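**Q** fold the following for me, if possible:
(one chain, ligands or ions: 1)
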Amino acid sequence: MVAFCSPYVPLPGDWRNVLCWNKGAHVGGGGDRDTCWKRDWEMICVSRHAGALAGGRDSAVLNFTSLFAKPSGHFAEKPVALMEYLVAKVQAKRVLDPFMGSGTTGVACVRLGRRFVGIELEPKYFDIAVKRIERAFEDQALFADLPKPEQMTFEGAEA
Ligand SMILES: C[S@@+](CC[C@H](N)C(=O)[O-])C[C@H]1O[C@@H](n2cnc3c(N)ncnc32)[C@H](O)[C@@H]1O
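**A** Residues are numbered from 1 along each chain as shown. Predicted structure coming up:
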């Protein structure tokens with residue numbers, strides 16, 4: 001498991017690695033300029049049970065420029081390249097994102113050919129995610145004969 005965590009609350013769980021996502025110099029301009037360093041990074045925790053990592057032993061500082069404007073309209077849209085890196089690095093074959101937002105993890109999974117299940121509370125973000133994932137699928141399908149993604153609902157929930 002990989003989780004984006006706050007450094008300001010006690011960390012639940014059993015983590016093997018704590019990574020620093022360096023978002024880039026354009027981030028974190030707010031707050032008290034006299035007493036605060038810029039908050040231009042985010043903490044990413046990697047479970048002790050994530051298994052073997054792919055490739056070499058990388059730096060724990062991940063330099064992926066955060067999106068200045070969020071194309072999807074979601075306030076916390078992550079860069080696809082960051083999610084692709086994480087999914088590939090932990091060699092995940094099936095991925096669950098229980099806080100899917102605009103579906104960036106799903107887009108990364110489509111690009112990497114991994115199975116993906118996403119859950120999102122807000123219908124407007126869910127709809128954005130579905131469109132982004134379908135679009136990523138269409139882009140991939142131009143080059144390969146892929147089966148169509150299946151959208152599931154919880155039993156009893158409105159379709
Ligand atoms: C930090 S954002 C995820 C952003 C995502 N990685 C992206 O790139 O767009 C977290 C999302 O979790 C959703 N969320 C919050 N509580 C939830 C819950 N209990 N179940 C499902 N989704 C939830 C929020 O609506 C929000 O869209």
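
**Q** for this protein, what lies in contact range of the ligand?
**A** 74, 76-78, 98-99, 101-102, 104, 119-122, 125 (Cβ under 6 Å from any ligand atom). (Glycine included, C-beta is placed from N, CA and C.)

**Q** for the residue of the chain found nearest the ligand, which non-adjacent residue is spatially closest?
**A** The minimum distance from the chain to the ligand, using Cβ to the nearest ligand atom, falls at Gly101 (2.6 Å). Using Cβ to Cβ, 6 or more residues apart in numbering and skipping the chain neighbours, the partner closest in space to Gly101 is His74 (4.9 Å).

**Q** which parts of the protein are helices?
**A** 80-89, 104-112, 123-141 (DSSP state H).

**Q** export the residues of the chain next to the ligand as a markdown table, with columns for neighbour count and pLDDT.
**A** As requested, those are exported to a markdown table (neighbours: other Cβ atoms under 10 Å; pLDDT from 0 to 100):
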| residue | neighbour count | pLDDT |
| --- | --- | --- |
| His74 | 21 | 86 |
| Ala76 | 15 | 90 |
| Glu77 | 20 | 94 |
| Lys78 | 23 | 95 |
| Pro98 | 9 | 97 |
| Phe99 | 13 | 97 |
| Gly101 | 23 | 97 |
| Ser102 | 26 | 97 |
| Thr104 | 27 | 97 |
| Ile119 | 12 | 97 |
| Glu120 | 20 | 97 |
| Leu121 | 10 | 97 |
| Glu122 | 12 | 96 |
| Tyr125 | 21 | 96 |
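
**Q** please consider this matter closed, and thank you.
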